[in-house]
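In: Sharing a sequence plus its predicted fold:
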Amino acid sequence: MAVTKDGKKPEDGKKQKNQKKEDPDADLSEEDLELKKNIELMVERVQDPDPGVQKLALDSITQEIHTTTSSMTAVPKPLKFLRPHLDTLITTFEHMPDGQNSKALADILSLLCSTVAGKEGEREGLKYKLQGNTSDLDTWGHEYMRHLAGEIAEDYKIRHHQKQSVDDLMHLVNQIVPYHMTHNAEPEAVDLLLEVDQLDQLEQYIDAKNYARTCLYLVSCCAYLPEPEDTQVLRLAHRVYMGEKKYHDALRVALRLNDLQTIVTTFGACDDQLEKRQLGYLLARHGTTIDLEEGPAAVKDESERDVLREIISNSKLSEHFLALARDLDVLEPKVPEDVYKTHLTDGRQPQGAALDSARQNLASTFVNAFVNAGFGQDKLVTVSSEQQSSGESVHWIFKNKDHGKTSATASLGLISLWDVEGGLPLIDKYLYSSDNAVVAGALLAIGLVNCGVQNENDPAFALISDYVSNTDPGVRSGAILGLGLAYAGTQREEVQELLVPLVLDSDMSMEVAGLAALALGLVFTSSCKEDVVEAILTALMSRGETELSSPWAKFLVLALGLLFLGKQDTVEATLEITKTLHEHISKYAQVVLDSLAYCGSGNVLKVQELLGLCGEHIETEEATVWKVSDCWLLQQCPC
């Protein structure tokens, strides 16, 4: 038989290695071995019938747990050595009489159970904690508190469903929440209070140190909460920001709530002059107008009131935009070829003089308008007469046909965007053209120039209103859409008086009725204006099957949706009415209203509903319309 140099058989070495592997204490240090022996001795003494010995052993175990030091990801060694004795301690606890010792052992068992993976549905940590000392949670550490909070949330749901008392759970919650709020765990505190339906209690624990993180989480989690909790968290965040005098953040939340009264109150609460001007720019960016002469937002100083009115009206928006463009050195007008990059494909172009194409010119019109939007000048439609005479004899607008002329003329409004004083002189001359397509484009251009800008002279209504009754369909359509664009979001009553009769008149063509409704939807967007809602619903109910099958009927529905834009559950009553409409329009109306009402909210439940609709198999050709619109609206959701 073979032997090693030291005279030992190979089998003896294998046995020694196996013994080392089987020995669980082989890798423990002397300190750990001593701690393990002490824990085992304490476990034995806990089983002693003498209450004094039990108390001493329990105090020693508690002391070891409290004084141990370990990494964030490791279980404390006293708990690690206690794990094998869990069943023994549970049996001892069950036979131990009520008293301080049983409560101390229950606390240890509760902590120990939080480190052991139990069966699904078991809440052993909470079970033993409720039988122990319920007023010393903060002494057991952050991880234990997190584990206990999760079990409390589960137990609360079950008890609430069974209509049982939750007072003992609330006693624990009232200790866990302050602990989290003072230990940089604000999201966990918010989650726990949301689970136990006690979010209003959060406000008393918020201070200058933790309000920023708390409100950031409240606003972030809003999209994942059902109604009405999503609104509750936003209102809580708004109250906290107001309490901390963070008016800019409070106004952002108020704008997200889409509540005009809250917006006005927030603006009026700010006393700092410079900060109030900043709030004015925020309101201007969102297109929100408020009364500066009366009400909570009233400003006593007349000069300051004029400054704020100028800011909120966006009357200097074009000036600021051009100043920025000048600083960035991007004022030079661009041409469509700069976008097309035609110089890269010169070799592939056909030889000879290029011929004008109506479709190519229309494409160039749109590209030119967007690439030069707001800059006030370009190289196609705003060129001077001197430049025109030195070049080609035909103006760009008249190189197009019919709708192309309308688009080319309307592009003047986009190029002169926000510049009412500089843009209107460029557009005005086209109102007197003998070509109705050009006049229609000029009316649209006036609406684009005034969009989002409130001018004290209010030129848009004076210039456009007379053309609403024009006999030419194109001019009338241009005038209607021009009004809608010029006064979008302003809730202008004069526009309502002018356009509502066009919607209600059943003798009016669906094109005019649809565009008039769309313009009303733009002007009164997100206002839930009762008179306008009623007018559009009446029009939908009074029209016949053939008219509701036309594409223009979709504009009536879209306008109805715009009236409830971002209003969420406010749309429910109108949504029920749309279910009674003709089958050609009913489903489409339901999807559009529901989608626009929750547009931008990030509501996960609504996203799931829309995804479910997108996945449905549609048999009929007519039904595909609402499904396509559903998919498009789903893409607009920010989540």
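Out: On my side now, so go ahead.
In: contacts, neighbours, all on C-alpha from now
Out: Fine.
In: Can you tell me what sits against the helix or strand containing residue 44?
Out: Per DSSP states H and E: residue 44 is located in helix 30-46. Under the contact criterion Cα atoms under 8 Å, 6 or more residues apart in numbering, helix 30-46 has outside partners 25, 53-55, 57-58, 60-61, 78, 81-82, 85, 89, 92.
In: let's see it at 6 Å
Out: 54, 57, 81 (Cα atoms under 6 Å, 6 or more residues apart in numbering).
In: Output those in JSON lines, with secondary structure appended to each entry.
Out: Listed next are the contacts of helix 30-46 as JSON lines, based on DSSP: H, G, I helix; E, B strand; the rest coil:
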{"residue": "54", "secondary structure": "helix"}
{"residue": "57", "secondary structure": "helix"}
{"residue": "81", "secondary structure": "helix"}
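In: Torsion angles phi and psi at residue 402?
Out: Main-chain torsions, residue 402, degrees, to the nearest 10: phi 50, psi -110.
In: What pLDDT is listed against it?
Out: What the model reports as pLDDT for residue 402 is 82.
In: and the closest residue to it other than its chain neighbours, what element?
Out: Nearest residue to residue 402, sequence neighbours excluded (Cα to Cα, 6 or more residues apart in numbering): residue 437, at 5.8 Å. Under the criterion of DSSP H and E, residue 437 resides in helix 436-450.
In: how about stretch 561-580: buried residues?
Out: For stretch 561-580, the neighbour count (16 or more other Cα atoms under 10 Å) marks 561, 562, 563, 564, 565, 566, 567, 568, 571, 574, 575, 578 as buried.
In: what's near enough to touch the second one?
Out: Translated: residue 562. Per Cα under 6 Å, 6+ apart, neighbours of residue 562: 521, 525.
In: can we see that at 7 Å?
Out: 521, 522, 525, 526, 596 (Cα atoms under 7 Å, 6 or more residues apart in numbering).
In: Looking at those, which is nearest residue 397?
Out: Of all those, residue 397 sits closest to residue 522, with 27.8 Å by Cα to Cα.
In: The residue lying closest to the closest one once chain neighbours are set aside: what secondary structure?
Out: Excluding the flanking residues, the one nearest residue 522 by Cα to Cα, 6+ apart is residue 488, at 4.8 Å. Using three-state DSSP, the structure places residue 488 in coil.
In: now residue 453
Out: Applying three-state DSSP: residue 453 is coil.
In: Just give me the neighbour total for the residue nearest to it when sequence neighbours are not counted.
Out: Spatially, and ignoring its direct neighbours in sequence, residue 453 is nearest to residue 314 (5.1 Å; Cα to Cα, 6+ apart). The tally of other residues near residue 314 (other Cα atoms under 10 Å) stands at 24.
In: packing partners for whichever strand or helix holds residue 539?
Out: Assigning secondary structure by DSSP H and E places residue 539 in helix 530-542. Judged by 3 or more Cα pairs under 7 Å, 6 or more residues apart in numbering; DSSP states H and E, helix 530-542 is in contact with helix 493-504, helix 553-563.
In: contacts for stretch 570-578?
Out: Stretch 570-578 is contacted by residues 564, 586, 589, 590, 593, 597 when judged by Cα under 7 Å, 6+ apart.
In: Also stretch 531-551?
Out: With contacts defined as Cα under 7 Å, 6+ apart, stretch 531-551 is touched by 500, 503, 504, 506, 510, 517, 553, 556, 560, 581, 584, 585.
In: Then stretch 144-161?
Out: Outside stretch 144-161, the residues that touch it by Cα under 7 Å, 6+ apart are 111, 114, 123, 125, 126, 165, 166, 169, 176, 192, 195, 196.
In: switch to 6 Å and redo it
Out: Contacts with stretch 144-161, where a contact means Cα under 6 Å, 6+ apart, come from 123, 195.
In: Can you list the buried residues in that stretch?
Out: Residues of stretch 144-161 classed as buried: 144, 145, 146, 147, 148, 149, 150, 151, 152, 153, 155, 156 (neighbour count, 16+ other Cα under 10 Å).
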